[in-house]
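Asker: the amino acid sequence is not available; the structure is as follows:
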C-alpha cells in the first residue's frame, strides 16, 4: 500500500468522524443546519477511500437517523429547525 493510499484512508476516517460529530450535534441543535453538512462529509469520505466502508455505512446511518430524530425533537419542543 502506497503512502498516498494510506493518506487517503486517513482523510476518509477523519471525514467520517466529523460526520458522526455533526450527527450528534444535529440531534440536539438545529438538525437542518448540521444534517446536510454531515451528509456532505460522509459523501466526501466515501469518494476519498473505499477501505473503511463499514465506518462509512455507520456514519450514513447515524446522520440520517439523527437528522430525523433531531427534527422531530425540535418540532416537539418548538425549537428552530435551522
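Answerer: Great, that's in hand. The model shown is predicted, which means the values in this text are computed figures rather than measured ones.
Asker: contacts and neighbour counts: CA atoms only from here.
Answerer: Noted.
Asker: buried set for whichever strand or helix holds residue 59?
Answerer: For residue 59, the enclosing helix or strand under DSSP states H and E is helix 53-76. Neighbour counts over helix 53-76 (16 or more other Cα atoms under 10 Å) mark 55-56, 59-60, 62-64, 66-68, 70-74 as buried.
Asker: mean confidence score for it?
Answerer: Mean pLDDT, helix 53-76: 94.
Asker: check which helices and strands it is in contact with.
Answerer: helix 3-28, helix 31-48 (3 or more Cα pairs under 8 Å, 6 or more residues apart in numbering; DSSP states H and E).
Asker: I'd like the ones you listed as JSON lines, with mean pLDDT, mean neighbour count and distance to residue 79 appended.
Answerer: Formatted as JSON lines, the entries for these read as follows, by pLDDT from 0 to 100; neighbours: other Cα atoms under 10 Å; distance: least, Cα to Cα, whole Å:
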{"stretch": "helix 3-28", "mean pLDDT": "94", "mean neighbour count": "20", "distance to residue 79": "10"}
{"stretch": "helix 31-48", "mean pLDDT": "94", "mean neighbour count": "21", "distance to residue 79": "10"}
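Asker: let me have these in TSV, adding distance to residue 80 as columns.
Answerer: Converted to TSV, those look like this (distance: least, Cα to Cα, whole Å):
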stretch	distance to residue 80
helix 3-28	11
helix 31-48	9
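Asker: sorry, back to before: quick check, nearest of the buried residues of helix 53-76 to residue 48?
Answerer: Ranked by distance to residue 48 (Cα to Cα), those are led by residue 56 at 11.0 Å.
Asker: so who does that closest one touch?
Answerer: Contact partners of residue 56, counting by Cα atoms under 8 Å, 6 or more residues apart in numbering, are 16, 42, 45, 46.
Asker: distance of it from residue 62?
Answerer: From residue 56 across to residue 62, the span is 10 Å (Cα to Cα, to the nearest Å).
Asker: if anything else comes up later, I'll come back, but that's it for now.
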